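Asker: turn this into a structure:
(chains A and B)
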There are 2 protein chains.
Amino acid sequence: MRLPESIRLFIEKLSELPSLGPRQATRVAFYLLRTGENNIKELGDAIHGMRKIRTCARCFFVHQNEDGLCEICRDPRRVSNIIMLVEKETDLMSLESTAKFKGKYLILGEIPKTGVLEGWQKLRLQNLKSLIQKEMNGRAEEIIVALNPTSVGDFNAATLGRELESFAKKISRLGRGLPTGGEIEFADDETLGSALERRS
Amino acid sequence: MRLPESIRLFIEKLSELPSLGPRQATRVAFYLLRTGENNIKELGDAIHGMRKIRTCARCFFVHQNEDGLCEICRDPRRVSNIIMLVEKETDLMSLESTAKFKGKYLILGEIPKTGVLEGWQKLRLQNLKSLIQKEMNGRAEEIIVALNPTSVGDFNAATLGRELESFAKKISRLGRGLPTGGEIEFADDETLGSALERRS
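Answerer: Numbering: from 1, shown residues only, chains lettered A, B, ... in the order given. Prediction:
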């Protein structure tokens, strides 16, 4: 059926977002209408507010600072020559919430299924190499390639590792084994195998 | 970790919507940022545009018309004295997409778990009764109480049916039986029982 133009446009735009199909978007639209005009305005303003967000010139995480750097990159307490390579901003956030890493990051963006980096991703890697050359005499202390522990992730991590080999004293990956709270009975062979190999 | 204020506010507002928890909202935020400022502006505008939406003075469905009526209520080809009572706008949309109903609607809103209508819902019922009194000499041809075929829905439908009894020549509900495309083997007892009773 034909909905009023404004709702149709809203549902269309909302359906483009991840985890929202047309059905969910429609439900959200009617939900929003029930919450009233003020709330709709606030949500619209919140979205417009996102236009102020910039990406960090060093690690490409988000920020809203005048100097072009994110909170992590401008923090003098963070070690600059240990760099963790992650695909997504949300990966960085999960890692940060452990509060166990005191180095810095590079957000590479999701690596395409082909395994071949896109132009802008190559530029980010290039950016990292230049930084290492300029500020670390050509060699970082460590580069941690923190891609997902999947077969695709493993393959891409190996490729990236080779590419960055000469730019760090050590190239590492995140540890593999049983997830805390997991049960041996239900662990897959691959995980269990890793846990055995890396027992300590 | 502390995200920039604008993103935090956006994630907070977005998390309030149905089918979006904080995790999904965060993913949506970073996805949006990747799509660029233009797209963010368009989504914000689309949401602000929703403030133009009004609810129909007769059936309470949405519209954007000057005369205060939705497309269905202002359509002269629709029969006015057969009224379908639904809970949600999306129920109305699903029913409309069958193109089998030529009457009109009343959107009652989701009935609370207590089964007791809220003030605004009672007003909507009162509105319907007044309409029937003014325009149909006190009796509609038929009122279809189209609540979900659940035990709660059945209970509420019975209550509503009694309340509206004197306002229509016939009070009906949607047919019960096997869903088209369903399999007898997997139908639950309740459904199969209804299908047997109502065989034709």
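Asker: walk me through the domains of chain A.
Answerer: Listed domain ranges for chain A are A:5-52, A:59-172 (source: automatic domain parsing).
Asker: the closest residue in space to A:Lys129 that isn't next to it in sequence: neighbour count?
Answerer: Spatial nearest neighbour of A:Lys129, chain neighbours left out: A:Phe167 (5.8 Å); criterion: Cβ to Cβ, 6 or more residues apart in numbering or on different chains. (Glycine included, C-beta is placed from N, CA and C.) Neighbour count for A:Phe167, taken as other Cβ atoms under 10 Å in any protein chain shown: 19.
Asker: which ones are touching A:Ala29?
Answerer: Each residue near A:Ala29 by Cβ atoms under 8 Å, 6 or more residues apart in numbering or on different chains is listed here: A:7, A:10-11, A:14, B:50.
Asker: save the residues you listed as CSV, and put in secondary structure, pLDDT and distance to A:Leu43 too.
Answerer: As requested, those are exported to CSV (DSSP: H, G, I helix; E, B strand; the rest coil; pLDDT from 0 to 100; distance: Cβ to Cβ, whole Å):
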residue, secondary structure, pLDDT, distance to A:Leu43
A:Ile7, helix, 96, 14
A:Phe10, helix, 96, 11
A:Ile11, helix, 96, 14
A:Leu14, helix, 95, 11
B:Met50, helix, 95, 9
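Asker: looking at the residues you listed, which is nearest A:Pro22?
Answerer: A:Ile11 (6.5 Å; Cβ to Cβ).
Asker: partner strands of the strand of greatest length in chain A and their direction?
Answerer: When chain A is scanned for its longest strand (criterion: DSSP state E), the result is strand A:140-146. Looking at strand A:140-146 with DSSP bridges, its partner strands are strand A:82-86 (parallel), strand A:168-172 (parallel).
Asker: average pLDDT for that strand?
Answerer: Averaging pLDDT along strand A:140-146 yields 95.
Asker: again with stretch A:87-97
Answerer: The average pLDDT for stretch A:87-97 rounds to 92.
Asker: quick one: distance of that stretch to the chain centre.
Answerer: Relative to its parent chain, stretch A:87-97 has a centroid offset of 5 Å by Cα atoms, centre = their mean, to the nearest Å.
Asker: list the buried residues for it?
Answerer: A:87-89, A:91-92, A:95-96 (16 or more other Cβ atoms under 10 Å in any protein chain shown).
Asker: now the helices for chain A?
Answerer: With DSSP state H as the criterion, chain A has helices at A:5-15, A:22-35, A:37-49, A:89-96, A:119-135, A:151-164, A:189-197.
Asker: quick one: residues contacting the most centrally placed residue in chain A.
Answerer: Nearest residue to the geometric centre of chain A (Cα atoms, centre = their mean): A:Lys88, 1.4 Å. The contact partners of A:Lys88, taken as Cβ under 8 Å, 6+ apart, are A:107, A:109-110, B:30.
Asker: quick check: buried residues in the lowest-mean-pLDDT helix or strand in chain A?
Answerer: Within chain A, no helix or strand scores below helix A:189-197, which has a mean of 84 by mean pLDDT, DSSP states H and E. Within helix A:189-197, the residues that qualify as buried are A:191-192, A:194-195, counting by 16+ other Cβ under 10 Å.
Asker: now swap in stretch A:141-159 and tell me
Answerer: Buried residues in stretch A:141-159, defined by neighbour count with 16+ other Cβ under 10 Å: A:143-149, A:153, A:156-157.
Asker: residues making contact with stretch A:140-160?
Answerer: A:79, A:81-87, A:91, A:95, A:103, A:111, A:113, A:115, A:125, A:132, A:161, A:164, A:167-174, A:176.
Asker: do stretch A:31-46 as well
Answerer: The contact list for stretch A:31-46 (Cβ under 8 Å, 6+ apart) reads A:7, B:6, B:9-10, B:12-14, B:17-18, B:44-45, B:47-48, B:50-51, B:53, B:55, B:62.
Asker: now do stretch A:88-108: distance to the chain's middle.
Answerer: The mean C-alpha position of stretch A:88-108 is separated from the chain mean by 8 Å, Cα atoms, centre = their mean.
Asker: quick one: terminal-to-terminal distance for it?
Answerer: 7 Å (Cα to Cα, to the nearest Å).
Asker: likewise stretch A:53-63?
Answerer: Start-to-end, stretch A:53-63 (Cα to Cα) is 6 Å.
Asker: quick one: buried residues of it?
Answerer: Within stretch A:53-63, the residues that count as buried by 16+ other Cβ under 10 Å are A:53-56, A:58-63.
Asker: quickly check these for the two that are furthest apart.
Answerer: Between all members of the buried residues of stretch A:53-63, the farthest pair (by Cβ to Cβ) comes out as A:Ile53 and A:Arg58, at 16.0 Å.
Asker: now A:Val62: how far from chain B?
Answerer: 6 Å (Cβ to the nearest Cβ, to the nearest Å).
Asker: re the thing from before, quick one, phi/psi of the residue nearest to the centre of chain A?
Answerer: phi -120, psi 150 (degrees, to the nearest 10).
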